[in-house]
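# Predicted model and sequence below, questions to follow.
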Amino acid sequence: MAILPICVVPESVLRQKSKKVKLIDGSIQRLIGNMLETMHAISGVGLAAPQVGTLLRVIVVGIPGEEDIVLINPEIVRRKGERLVNEGCLSVPGYFGEVKRAESVRVKGRDLNGKEIRIKASELLAQALEHEIDHLNGVLYIDRLESADKLHKIEPEIAQL
Ligand code: CO
């Protein structure tokens, strides 16, 4: 496995629509292994294939303290509620912003063995699933800001109290 470089704005690969995976073969398994290793290496909570330069509908999510989730061809089948959250993205380094996300989502997709899985998610997992699935459609959280003043620079010199 390998740690892959992360594509950052304004790279065009982040703005394209990813293709469905038709066959889960060795190359897809390798891609997923590398995505998981990369996500852990940079302490990300989630990663979508376009962020490592591959336009395929594959995402991984790793909520700290929980088992990693791998989803191939994920789809949101239901969104419920609305809430404001602060969000960042590995492909938009140095910034975070306030966006509206669902309170909960239901997502379906396939696992590494091609088996259909369904996930009911809320809180950070729901946010991560919406964020990563957006990546598969060329959408970034900065597109979902209500206004430009909702985007903030991360300033590490400011005390985190
Ligand atoms: Co992102």
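Received it, and whenever you're ready, just let me know what you need.
# Point out where this protein drops to low pLDDT.
Applying pLDDT under 70 to the predicted model, the residue ranges of the chain that meet it are 156-161.
# quick one: the helices in it?
In the chain, helices defined by DSSP state H lie at 26-41, 123-136, listed in chain order.
# How far away from the center of its chain is the longest one?
Its chain's C-alpha centre lies 14 Å from the corresponding centre of helix 26-41 when counted by CA atoms, centre = their mean, to the nearest Å.
# again with the shortest one
Averaged C-alpha coordinates place helix 123-136 at 5 Å from its chain's average position (CA atoms, centre = their mean).
# For the residue nearest to Asn73 when sequence neighbours are not counted, list the residues it contacts.
Distances taken as CB to CB, 6 or more residues apart in numbering place Arg57 nearest to Asn73, at 4.9 Å, with adjacent residues excluded. To be clear about C-beta, it is placed using only N, CA and C from the backbone, and glycine gets the same treatment. With contact set as CB atoms under 8 Å, 6 or more residues apart in numbering, Arg57 has these partners: 18-21, 49, 72-74, 136.
# cool, Val105 as well?
Contacts for Val105 (CB under 8 Å, 6+ apart) come out as 76, 78-80, 120-122, 126, 129-130.
# In strands only, show me those residues.
When these are checked against strands using DSSP state E, the ones located there are 76, 78-80, 120-122.
# Quick test: name the residue nearest the centre of this structure.
Nearest to the mean C-alpha position of the chain, by CA atoms, centre = their mean, lies Glu132 at 2.4 Å.
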